[in-house]
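1. Provided below are the primary sequence and the corresponding predicted coordinates.
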There are 2 protein chains.
Amino acid sequence: MSPTPTPQQQRSRETRRSLLDAALTILTREGLRGTSVSAVAAEAGVSRGAAQHHFPTRDALIEATVTQFYADLTQQLRTAVAQLPPGPGGAPVSDVVTLVVESFSSGSFRAALHVWSAAAGPEGELRDLIVAADTRFAREVYQLLAITLDADLTDRHTRRLLRTTIDLARGLGLGAVLVDNTEHRVTTTATWTAILDAGITRNG
Amino acid sequence: MSPTPTPQQQRSRETRRSLLDAALTILTREGLRGTSVSAVAAEAGVSRGAAQHHFPTRDALIEATVTQFYADLTQQLRTAVAQLPPGPGGAPVSDVVTLVVESFSSGSFRAALHVWSAAAGPEGELRDLIVAADTRFAREVYQLLAITLDADLTDRHTRRLLRTTIDLARGLGLGAVLVDNTEHRVTTTATWTAILDAGITRNG
């Protein structure tokens, strides 16, 4: 790849990105069933031919959309965590827990639920992709939690509390798919923050 | 309704029940998309006409299946909790937490995920049904937890810990849909049991 993309390469990347954004929008709104290459092309304002140049099949489109979704989620979380005020014992626990919980409750997580549902269905193909992407994301969240909280990972209880944070965030995220549970999320985040803060061992 | 059902009424109830069981099997295995009245009739070994007598539409069938699923889940949990050894401070916390976590991780919860995904989709009709059934189930679990643990519900922190148990169980259940997370569930249940046991206030 050349260091500076040509205008044509640049346009091609933009088209790809707008197709992925459109696919996520449709996936969130209508589920996997309503997500076709032509519907996505229409949503993105791209010709069907151009869309098929990037994604010859619906599966290729869904796969790229899921991958991009998790990559974006990871990037957003990293950026947000990097902006937290550093403290002597790491960032404030409540801020970190809030960021993690909210990353599992974003509007786009509804898209993830649709994909999960499809992955749990008879077509096992998507399943490996989702499991791998979700495992990678959980590992990333775990490491971000450990670093920002300055957690001592040689301590077994600390490791378990960090993992439990992710399970809890996932449960709250699932709850957020059907109803607005914002108030409940805030309360539960506060409850869990106190438990985590008191329970983990910190380095140094 | 007569106190003793006639043989015909009895047969009709059995047919209805076997249709609902077959619908849950198909829903779990193939998702909402593969669940039709005729597929369910075939799975149950019932004629299509007889199936349509009980469930004139696919929506009616899905609705009854979801309702029955939550009713069975509630009944199973109640029965299991009733069999726990009673102690001076209520049943052992680990037993109760395990029962709750496992009720959200049953194989049939995959069916629930499919229905949730559909409910989060463009057809909002199923949504109210699921939200109501799920809210009822969560309330039931909360009350079972409170009673068996002899929890003091006037204490705010205790109420929050009971609710967090449900969020965590839901997160672990979602994790169980795609991979076998049994070992992780056992560890997390133990971690949470210790937190809950130390954190709740008990009556008397």
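-> Nice, I can see it.

2. how about the residue nearest to residue A:26 when sequence neighbours are not counted, what does it touch?
-> If the residues on either side of it in the chain are set aside, residue A:26 comes closest to residue A:35, at 5.0 Å by C-beta to C-beta, 6 or more residues apart in numbering or on different chains. Just so you know, the C-beta spots here come from the backbone N, C-alpha and C atoms, and that holds for glycine as well. By C-beta atoms under 8 Å, 6 or more residues apart in numbering or on different chains, the contact list for residue A:35 reads A:23, A:26-27, A:58, A:61-62.

3. Quick check: residue A:35 vs residue A:6, distance?
-> Using C-beta to C-beta, to the nearest Å, residue A:35 is found at 31 Å from residue A:6.

4. Looking at the contacts of residue A:35, which has the smallest pLDDT value?
-> Ranked by pLDDT, those bottom out at residue A:27, which has 82.

5. Mind telling me what element the closest residue to that residue other than its chain neighbours is part of?
-> With sequence-adjacent residues excluded and distances taken as C-beta to C-beta, 6+ apart, residue A:27 is closest to residue A:111, at 4.2 Å. Taking DSSP states H and E as the definition, one finds residue A:111 inside helix A:109-119.

6. what's the answer for residue A:8, then?
-> Going by DSSP H and E, residue A:8 is part of helix A:7-30.

7. Give me the packing partners of the helix or strand following that helix, helices and strands only.
-> Using DSSP H and E, the helix or strand that follows helix A:7-30 in sequence is helix A:37-44. Helix A:37-44 makes packing contacts with helix A:7-30, helix A:48-54, helix A:58-82 when contacts are defined by 3 or more C-beta pairs under 8 Å, 6 or more residues apart in numbering or on different chains; DSSP states H and E.

8. Export those as JSON lines, with columns for mean neighbour count.
-> Compiled in JSON lines, the helices and strands packed on helix A:37-44 are given as follows (neighbours: other C-beta atoms under 10 Å in any protein chain shown):
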{"stretch": "helix A:7-30", "mean neighbour count": "17"}
{"stretch": "helix A:48-54", "mean neighbour count": "16"}
{"stretch": "helix A:58-82", "mean neighbour count": "17"}
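
9. Show the contacting residues for the residue in chain A positioned nearest to chain B.
-> Residue nearest to chain B within chain A: residue A:171 (2.9 Å; C-beta to the nearest C-beta). Contact analysis of residue A:171 by C-beta under 8 Å, 6+ apart lists B:166-174.

10. Which residue, other than its chain neighbours, is closest to residue A:80?
-> Excluding the flanking residues, the one nearest residue A:80 by C-beta to C-beta, 6+ apart is residue A:99, at 5.1 Å.

11. in the helix or strand where the one you found lies, what's buried?
-> Applying DSSP H and E as the criterion places residue A:99 in helix A:93-104. Buried residues in helix A:93-104, counted by 16 or more other C-beta atoms under 10 Å in any protein chain shown: A:93, A:95-104.

12. Touching it from outside, list them.
-> A:73, A:76-77, A:80-81, A:84, A:90, A:141, A:144-145, A:148-149, A:165-166, A:168-170, A:172-173, A:185, A:188-190, A:192-193, A:196-197.

13. quick one, the lowest-mean-pLDDT helix or strand in chain A and helix A:7-30 angle?
-> Lowest by mean pLDDT, DSSP states H and E among the helices and strands of chain A is helix A:109-119, with a mean of 76. Between helix A:109-119 and helix A:7-30, the angle comes out at 80 degrees (axes from the mean of the first three to the mean of the last three C-alpha atoms, to 10 degrees).

14. about what we covered before: tell me the average confidence for the next helix or strand after the helix holding residue A:111?
-> With elements assigned by DSSP H and E, the helix or strand that comes after helix A:109-119 is helix A:125-148. Averaged over helix A:125-148, pLDDT sits at 89.
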